[in-house]
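Participant: The sequence and its predicted three-dimensional model are supplied below.
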Amino acid sequence: MRKVVVGLSGGVDSSAAAALLHHQGYEVVGLTLWLMKGKGQCCSEGMVDAAYICEQLGVPHHIVDSRDLFQTHIIDYLVDGYREGITPLPCSQCNRTVKFGPMLNYAREQLGIDRIATGHYARIEYDEKSDRYQLKRALDRNKDQSYFLYDLTQDLLAATLFPLGEILKTETRQIANQYELKTADKPESQDLCLVEANGSMQAFLDKYITGKKGDIIDTKGQVLGQHEGIHHYTIGQRKGLGISAPNPLYVVGIDAGRNQVIVGDKESAVQTECAIKRVNWVGIGTPNTPIRAQVQIRYRSEPQPVTVIPIHPPDGAEIDPKIGSCVKLIFDEPIFGITPGQAAVWYDGDLVLGGGIIDIQK
Ligand SMILES: Nc1ncnc2c1ncn2[C@@H]1O[C@H](COP(=O)(O)OP(=O)(O)OP(=O)(O)O)[C@@H](O)[C@H]1O
């Protein structure tokens, strides 16, 4: 019998994914990663619900204590990033480093199972011509999570199933109802898990970072006001600046060294190009020449036409593992609010070609 380890968060999506695979004849093992430290966090309820779903399906349930991994790779990464004046996106990093990688290792090493599944909305297809596992947008475009999955390696994609990739979210609820899963009517998770657990991103960051007052300046260096700590700001932000000006002002830069937030009009927050580090090529191998694609610079942003230029290190030079492979993106039209730390993911239609982290402009 085909065996699969299903990542269960205790939400409706992963419950339905597990139920679907179980009823398709897979021998399912449920696995919940215990991610967050502290009592009463969202995870404790999730673990209990996940265990209950496994009981309903009559399949085993494992819990793996991943709190240290989550602390180091996600919380510390996030807090360090905000201290440096960037706005890190922890989800893609979490998927590769905390979820998929360790889940597959656990499945292989502890259970002798070579396949994992999650309730993500995305599709994986093997392409014979290129001999690569392709990551594609979900059929339900509104739920598509491919943006957060661009960093998965070929090894991980080859071993992963996304049972919800071909169905609509409304159908997921129907499936959960049909199998009378306890989680069928559970509300959607709205935001980043850390934000949900703490009430807001600000509340989460304030637990770790003591704000240091500094100046809010305009692009000419004139002081317009004061801030309570650079970690409260992100590029493109308009609300909460506390400055009255005749025209709307946006955060256009954060200078961690000088502890300054730089604001300007909308025009000064647009860019025609940006540098990307830690690139992972998915649909194709690293190209030798520039390619055309459509890029998303945020989860919900519209894809924009772009030229992706691979930056090859000079002959014989080693790639710095912290920076990884790099590309330069040149947009057809200037783009507003490009935020260092967030992911840029470039597509060919539904196909994820590659992605990486937006670097600080030098
Ligand atoms: N703590 C966890 N342990 C194991 N797998 C997890 C965990 N958290 C999330 N996953 C897996 O990753 C998928 C996507 O997680 P995400 O946090 O985006 O939640 P979601 O889309 O709301 O899904 P769900 O409704 O299953 O919570 C889940 O469907 C699940 O398979």
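Facilitator: Received, thanks.
Participant: Quick check: the residue of the stretch 151-300 of the chain nearest the ligand.
Facilitator: Among all residues of the stretch 151-300 of the chain, Ser189 sits closest to the ligand, at 4.1 Å; criterion: Cβ to the nearest ligand atom. Every C-beta, even on glycine, is put in place using the N, C-alpha and C of the backbone.
Participant: contacting residues around that residue?
Facilitator: Listed by Cβ atoms under 8 Å, 6 or more residues apart in numbering, the contact partners of Ser189 are 11, 196.
Participant: same check, this time on Ser44
Facilitator: Counting by Cβ under 8 Å, 6+ apart, Ser44 has no contacts.
Participant: Could you measure from it over to the ligand?
Facilitator: According to Cβ to the nearest ligand atom, to the nearest Å, Ser44 and the ligand sit 11 Å apart.
Participant: and that residue, what element?
Facilitator: If you go by DSSP states H and E, Ser44 is part of helix 42-57.
Participant: Report the mean confidence score over that helix.
Facilitator: Mean per-residue pLDDT for helix 42-57: 90.
Participant: Pairing partners for the helix or strand following that helix, with directions?
Facilitator: Per DSSP H and E, the first helix or strand lying C-terminal to helix 42-57 is strand 61-65. With DSSP bridges as the test, strand 61-65 is paired with strand 27-34 (parallel).
Participant: Over to the residue of the stretch 151-300 of the chain closest to the ligand. Which of the three states is it?
Facilitator: Recorded secondary structure, Ser189: coil (DSSP: H, G, I helix; E, B strand; the rest coil).
Participant: what does the model give it for pLDDT?
Facilitator: On the pLDDT scale, Ser189 gets 73.
Participant: before we move on, back to that, please identify the buried residues of the helix holding Ser44?
Facilitator: Buried residues in helix 42-57, defined by neighbour count with 16 or more other Cβ atoms under 10 Å: 42-43, 46-47, 49-54, 56-57.
Participant: Closest one to Ile243 out of these, please.
Facilitator: Checking those against Ile243 with Cβ to Cβ, the nearest one is Cys42 at 35.6 Å.
Participant: what's downstream of the helix or strand bottoming out on mean pLDDT in the chain, the next helix or strand?
Facilitator: Counting by mean pLDDT, DSSP states H and E, the chain has its least confident helix or strand at helix 193-198, which shows a mean of 73. Once the chain leaves helix 193-198, the next helix or strand it forms, by DSSP H and E, is helix 201-208.
Participant: which other residues reach that following helix?
Facilitator: Helix 201-208 is contacted from outside by 75, 79, 82, 192, 194-195, 197-198, 231-232, using Cβ under 8 Å, 6+ apart.
Participant: Would you mark the buried spots in it?
Facilitator: Here helix 201-208 shows 201, 204-206 as buried, counting by 16+ other Cβ under 10 Å.
Participant: same question, stretch 25-35
Facilitator: In stretch 25-35, counting by 16+ other Cβ under 10 Å, buried: 26, 28-35.
Participant: then that stretch to CSV, C-alphas only?
Facilitator: Extracted in CSV, the C-alpha atoms of stretch 25-35 (Å, rounded to 0.1, in the frame of the first residue of the first chain):
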residue,chain,number,x,y,z
GLY,A,25,-6.3,4.3,-0.5
TYR,A,26,-3.1,5.7,1.0
GLU,A,27,-1.8,4.5,4.3
VAL,A,28,-1.8,7.9,6.1
VAL,A,29,0.4,8.9,9.1
GLY,A,30,-0.5,12.3,10.6
LEU,A,31,2.4,14.5,11.7
THR,A,32,2.1,17.8,13.6
LEU,A,33,5.1,19.9,14.1
TRP,A,34,5.0,21.7,17.5
LEU,A,35,6.3,25.1,16.5
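Participant: wait, does it contact the ligand?
Facilitator: Yes. Counting by Cβ under 6 Å from any ligand atom, the ligand has neighbours in stretch 25-35: 31-33, 35.
Participant: can you pull the contacts of whichever residue of the chain sits closest to the ligand?
Facilitator: Per Cβ to the nearest ligand atom, Gly11 is where the chain lies closest to the ligand, at 2.1 Å. Going by Cβ under 8 Å, 6+ apart, Gly11 touches 46, 49, 119, 183, 186, 189.
Participant: let's go with 10 Å and repeat that
Facilitator: By Cβ atoms under 10 Å, 6 or more residues apart in numbering, Gly11 lies in contact with 17, 42, 46, 49-50, 53, 119, 176, 183, 186-189.
Participant: try Asp265
Facilitator: Counting by Cβ under 10 Å, 6+ apart, Asp265 touches 218-219, 245, 247-250, 252.
Participant: swap in Cys43?
Facilitator: By Cβ under 10 Å, 6+ apart, the contact list for Cys43 reads 9-10, 32-37, 50, 63, 66-67, 70, 193, 197.
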